[in-house]
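**Q** this one's sequence-less:
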């Protein structure tokens with residue numbers, strides 16, 4: 001699920017905001033699965049966290065360029 005920054009840079013701010021929402025939902029779902037012991041993929045949480053940071057960084061960069 002890890003995204004490349006080059007893929008994200010080609011998206012608009014609206015698409016990045018939607019991607020951020022999707023990542024938050026995926027993180028929430030994974031946290032619920034881990035807490036109910038349906039999944040043990042704890043390393044995926046770190047990957048999602050980094051992806052969220054990438055998207056937030058790009059959104060803030062676009063906002064600073066205006």
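**A** Arrived safely. Predicted model, so just to flag it, every value in this text is computed and none were measured.
**Q** so which elements touch the helix or strand of the chain with the lowest mean pLDDT?
**A** When each helix and strand of the chain is scored by mean pLDDT, DSSP states H and E, helix 5-9 comes last, with a mean of 87. Applying 3 or more Cβ pairs under 8 Å, 6 or more residues apart in numbering; DSSP states H and E, one finds that helix 5-9 makes contact with helix 43-64. For glycine as for every other residue, the C-beta is placed from the backbone atoms N, C-alpha and C.
**Q** what's the helix it packs on packed up against?
**A** Using 3+ Cβ pairs under 8 Å, 6+ apart, helix 43-64 sits against helix 5-9, helix 13-35.
**Q** would you reformat those helices as a markdown table and include mean neighbour count and distance to residue 41?
**A** Below are the helices and strands packed on helix 43-64 laid out as a markdown table (neighbours: other Cβ atoms under 10 Å; distance: least, Cβ to Cβ, whole Å):
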| stretch | mean neighbour count | distance to residue 41 |
| --- | --- | --- |
| helix 5-9 | 11 | 22 |
| helix 13-35 | 14 | 7 |
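**Q** how about CSV for these, with distance to residue 54 added?
**A** Shown next, in CSV, are the helices and strands packed on helix 43-64 (distance: least, Cβ to Cβ, whole Å):
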stretch, distance to residue 54
helix 5-9, 6
helix 13-35, 9
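**Q** just to revisit the earlier point, which residues does the least confident helix or strand of the chain contact?
**A** 16, 19, 54-55, 58 (Cβ atoms under 8 Å, 6 or more residues apart in numbering).
**Q** got any ranges where the chain has weak pLDDT?
**A** 1-2, 65-66 (pLDDT under 70).
**Q** state the distance from residue 3 to residue 38.
**A** 25 Å (Cβ to Cβ, to the nearest Å).
**Q** so what's the residue nearest the centre of the chain up against?
**A** Among the residues of the chain, the one closest to the centroid is residue 52, at 3.1 Å (Cα atoms, centre = their mean). Residue 52 sits next to 20, 23-24, 27 when contact means Cβ under 8 Å, 6+ apart.
**Q** which one of the residues you listed is nearest to residue 62?
**A** Distances from residue 62 to those, taken as Cβ to Cβ, are shortest for residue 20 (12.5 Å).
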